[in-house]
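Visitor: would you be able to build a 3D model of this:
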Amino acid sequence: MNQADPAKPAESIVLRGARFNVHAMSIVGSDGKTYVREVVRHPGAVVILPLLDDDTLVMIENNRPTVGETLLELPAGTREPGEPAEQTAFRELIEETGYQAKSVSLVHEFYSAPGISDELMLLYAARDLTRGEHAREATEQIQNRIATREEVRSWIAEGRIRDAKTLVGLYAFLAGAF
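Guide: Below is the predicted model of the structure:
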């Protein structure tokens, strides 16, 4: 247990990364034994629904070497230290798509993988878009893909959307949650 807060499990850093850290967390089980779990401590991220109009949005085809696939996704990105999430949404939209939004509004917050990480993702709707130049990182292999509401429904039904944050965002889009 953590001496400062007995209810909080003790943790130690196992890996210090450039964007996140991995901690070993000691948890007391219902049997009274102590178990160690690795957890990713993450600064948080945003995912963006870039709306061209009420029925059309900008998606990306994003090459993901980690899974060996190019995935249909919504633009997203990790927050920089001290960066407000809204600012991250504006920045990532330009970086990944080249579109600039006049406004973004928070739609939902959700944990990406609460069994292994504390990454909190904030879903923003971006409106009043203007097309410009992207500012992709050298390691990003991304192409824009304009999608209609009907295409989104079809892609979900066909199993073509395999990225969890994108599914959350697209279901919010289809439900008219904003």
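Visitor: need phi/psi at I156.
Guide: The phi/psi pair for I156 (degrees, to the nearest 10) reads phi -70, psi -50.
Visitor: shift numbering so it begins at 251
Guide: Yep, numbering from 251; the last one is I406 now.
Visitor: which non-adjacent residue is nearest it?
Guide: Nearest residue to I406, sequence neighbours excluded (C-beta to C-beta, 6 or more residues apart in numbering): L420, at 6.4 Å. The way it works is simple: take the backbone N, C-alpha and C, and place the C-beta from them, glycine included.
Visitor: what sits against the one you found?
Guide: 324, 402, 406, 411 (C-beta atoms under 8 Å, 6 or more residues apart in numbering).
Visitor: what's the farthest-apart pair in those residues?
Guide: Using C-beta to C-beta, the two most remote members of these are L324 and I406, lying 12.7 Å apart.
Visitor: and I406, how far is that from N394?
Guide: I406 sits 19 Å away from N394, going by C-beta to C-beta, to the nearest Å.
Visitor: which of L324 and I406 has more neighbours?
Guide: Taking neighbours as other C-beta atoms under 10 Å, L324 and I406 compare with L324 leading, 29 against 16.
Visitor: which ones are touching that one?
Guide: By C-beta under 8 Å, 6+ apart, the neighbours of L324 are 297-300, 307, 309-310, 415-416, 419-420.
Visitor: kindly recompute the last result at 10 Å.
Guide: By C-beta atoms under 10 Å, 6 or more residues apart in numbering, L324 lies in contact with 296-300, 307-310, 312, 343, 346-347, 373-374, 397, 411, 413, 415-420, 423.
Visitor: just the buried members of those?
Guide: Buried residues within the contacts of L324, defined by neighbour count using 16 or more other C-beta atoms under 10 Å: 296-300, 307-310, 312, 343, 346-347, 373-374, 397, 411, 413, 415-416, 418-420, 423.
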